[in-house]
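S.K.: Next one to model:
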Amino acid sequence: MPRERLVSPELISQEEESFNRTLRPSNMDEYVGQKKVVEKLSIALQAAKQRSESLEHILFYGPPGLGKTTLAYIIANAMGSKITTTSGPALERTGDLMGILTNLGEGDILFIDEIHRLPANIEEFLYPAMEDFRVDFVVDKGMFAKTINVPLKRFTLVGATTRAGSLSAPLRNRFGLFYHLEFYAVDELQKIIHRSAGILGAQLDEGGGREIARRARGTPRIANRLLRRVRDYADVKADGSLNSAIAGDALKLEGVDDHGLDDLDRNFLSTIIRIYNGGPVGVEAIAATLNEEVDTLVDMVEPFLLQQGFVSRTKSGRKANESAYRLLNLPMPGAAPRTLFG
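M.R.: A predicted model of the protein is given here:
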């Protein structure tokens, strides 16, 4: 079972999802960051509304926790439509999807998270629904089998994935709009944190907001999670005000350093440097050394370390960069040893 990490971009619990729902912006004006995506999506929304048409099918892709689900809800609000949410792993039988599709109204939104994990039979069942707004449902078996053609209302499928490259070409080609979500800048995360603090009634000043934002790994979900922990710490250890010192102390206690790295991140870097001489080394070897799942390292640890330049991917494996040596206060290979006189 994967360990629970405060800086994990994945949802930790269903309770956290319920909490995040209260913090989600409901329209584009409240949405912070992803300026290019917001601008292009706003134009598509306005054009569809002017023509009284449904939106084309949309695919959001990028690391977890950046707002793909939030944008799906904003689209539904903007179009005045009902949204039905599910996920790739949750759809196991064609009957499950059949029930969802036949209950969609004109212009409704179907949001499928982790769409790259759809079973092959479900994916093939979805093709005519996306393309022709109909499904062919087979009843009975063998010589008594017959196919019933069921028409559907025109709906918009919004898919979300962290692995766009894992989507099959036939599924990918049925989307009309593609939007890539990127990590957020610190000032954007600050705005999100201050908005969330206002909804929660927390006394957060500029310094406290920046201290949380720069440790949030460019991810709003992590920023809101850190805000909750800092608020708890401030209520118990201080007078409830969330300033820079309180935020720093709270996150230090949680094991989150100034760069937003936790023990697993630092162990990942330390393993490459100390055990594999800085690399290159295969991720399977790192996973075996750390006793972690390969997928955990690839999906939950590496993206941020790559984005921050601590590691590089090469054809031969992962390699630690100079910034990783500086972070761990270790000498670079081949660097002249320090002497008493410098």
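S.K.: switch to C-alpha atoms for all contacts and neighbour counts from now on
M.R.: Will do.
S.K.: tell me the contacts of Thr271?
M.R.: Ile286, Thr289, Leu290 (C-alpha atoms under 8 Å, 6 or more residues apart in numbering).
S.K.: Okay, the last one and Gly309: tell me how far apart.
M.R.: It refers to Leu290. 21 Å (C-alpha to C-alpha, to the nearest Å).
S.K.: cool, and the first one?
M.R.: Summarising the geometry, the distance separating Ile286 from Gly309, computed by C-alpha to C-alpha, is 18 Å.
S.K.: in the chain, which spans are strands?
M.R.: Using DSSP state E, the strands of the chain run over residues 58-61, 83-87, 109-113, 134-139, 146-151, 156-161, 177-180, 203-204, 241-242, 311-314, 317-320.
S.K.: Show me which of Ile286 and Gly309 is the more surrounded one.
M.R.: Ile286 (22 against 14; other C-alpha atoms under 10 Å).
S.K.: Go ahead and confirm that one touches Ile273.
M.R.: No. Look at Ile286 against Ile273 with C-alpha atoms under 8 Å: they stay out of range, at 10.8 Å.
S.K.: Spatially central, which residue of the protein would that be?
M.R.: Among the residues of the chain, Pro64 comes closest to the average C-alpha position under C-alpha atoms, centre = their mean, at 1.2 Å.
S.K.: if we can go back for a sec, which members of the contacts of Thr271 occur in helices, if any?
M.R.: Assigned to helices by DSSP state H, the following of the contacts of Thr271 qualify: Ile286, Thr289, Leu290.
S.K.: Just put these in JSON lines and tack on pLDDT and distance to Glu123.
M.R.: Formatted as JSON lines, these follow (pLDDT from 0 to 100; distance: C-alpha to C-alpha, whole Å):
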{"residue": "Ile286", "pLDDT": "94", "distance to Glu123": "34"}
{"residue": "Thr289", "pLDDT": "94", "distance to Glu123": "37"}
{"residue": "Leu290", "pLDDT": "93", "distance to Glu123": "36"}
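S.K.: just the helices in the stretch 201-342 of the chain please.
M.R.: Taking DSSP state H, counting those that start in this stretch to define them, one finds helices in the stretch 201-342 of the chain at 206-213, 220-237, 244-253, 263-270, 283-290, 294-296, 302-307, 322-327.
S.K.: Which residues are in contact with Phe310?
M.R.: Phe310 touches Leu269, Ala320, Asn321, Glu322, Ser323, Ala324, counting by C-alpha under 8 Å, 6+ apart.
S.K.: and these, which are buried?
M.R.: Taking 16 or more other C-alpha atoms under 10 Å as the criterion, what is buried in the contacts of Phe310 is Leu269, Ala320, Asn321, Glu322, Ala324.
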